[in-house]
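S.K.: Quick one: sequence and predicted model below, then my questions.
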Amino acid sequence: MSRPKTVSDQEVLTAALQVLGKRGPGFTLTDLAEQVGLSRATIIQRFGDRSAILLRMAEQEVAETRAWLDSLPVEQGPQALWQFLQQIVGSMGSGEGFTVRVTIAALEAEDPALRRLAGERYWLVQQAIAARLPHSPNQIQTAMHLHAIIAGATMQWVASDGSSGLSEFVLDRLKWAVDHIHPLA
């Protein structure tokens with residue numbers, strides 16, 4: 001009979017995110033085991049290798065993104081779009097701890113499975129943006145470009161002087177684009 005889990009899988013995945021933030025992309029299973037108070041062997045037995053943990057983290061992020069987006073009301077029009085964009089960008093917060101997001105992006109760029117899941121997550125966001133745009137032949141293209149502004153502005157913020165928070169910085173760049181979208185004018 002197996003022993004009961006003293007640390008849940010969710011706690012291990014949450015700890016893996018914390019370790020990733022502290023140690024960067026080179027974090028080890030030993031680092032994770034120390035963080036959660038389990039042996040390295042237990043981590044391997046439950047999850048497999050480091051790549052499997054990263055994959056589980058990415059799968060969880062896709063599921064959480066889907067659930068969160070599905071929980072939000074879907075209304076069309078310029079004001080509804082702007083409110084939605086404020087909500088999703090506002091979820092980024094001030095930028096504290098954003099380095100872990102940059103680290104994850106670097107890992108996604110290197111690993112095909114992580115890249116595929118990142119693409120799935122991005123597609124969910126793009127579809128959610130498109131659902132709030134007025135119907136037009138360019139609806140999905142517009143959504144993809146608005147999402148690209150969000151993604152690009154986050155990287156610009158990383159290189160900024162930090163005088164404004166992440167959400168504020170991204171919304172400032174996004175507002176200009178939203179104000180200049182032809183179907184919304």
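M.R.: Received, thanks.

S.K.: And the helices in this protein?
M.R.: Taking DSSP state H as the criterion, the chain contains helices spanning 9-23, 29-36, 40-47, 50-71, 78-90, 98-110, 112-131, 139-158, 166-179.

S.K.: JSON lines for the ones you listed, including mean neighbour count and mean pLDDT?
M.R.: The C-beta positions use only the backbone N, C-alpha and C, and glycine is treated the same way. JSON lines is the format used below for the helices of the chain (neighbours: other Cβ atoms under 10 Å; pLDDT from 0 to 100):
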{"stretch": "helix 9-23", "mean neighbour count": "17", "mean pLDDT": "90"}
{"stretch": "helix 29-36", "mean neighbour count": "18", "mean pLDDT": "91"}
{"stretch": "helix 40-47", "mean neighbour count": "16", "mean pLDDT": "91"}
{"stretch": "helix 50-71", "mean neighbour count": "16", "mean pLDDT": "94"}
{"stretch": "helix 78-90", "mean neighbour count": "17", "mean pLDDT": "92"}
{"stretch": "helix 98-110", "mean neighbour count": "15", "mean pLDDT": "88"}
{"stretch": "helix 112-131", "mean neighbour count": "17", "mean pLDDT": "96"}
{"stretch": "helix 139-158", "mean neighbour count": "17", "mean pLDDT": "93"}
{"stretch": "helix 166-179", "mean neighbour count": "17", "mean pLDDT": "92"}
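
S.K.: tell me the domain boundaries of the protein?
M.R.: Annotated domains of the chain cover 1-48, 58-184 [automatic domain parsing].

S.K.: measure the nearest residue to residue 60 once chain neighbours are set aside to residue 141 for me?
M.R.: Distance criterion Cβ to Cβ, 6 or more residues apart in numbering; nearest residue to residue 60, sequence neighbours excluded, is residue 13 at 6.1 Å. Residue 13 is 35 Å from residue 141, where distance means Cβ to Cβ, to the nearest Å.

S.K.: now swap in residue 176 and tell me
M.R.: As for residue 176, its distance to residue 141 is 18 Å (criterion: Cβ to Cβ).
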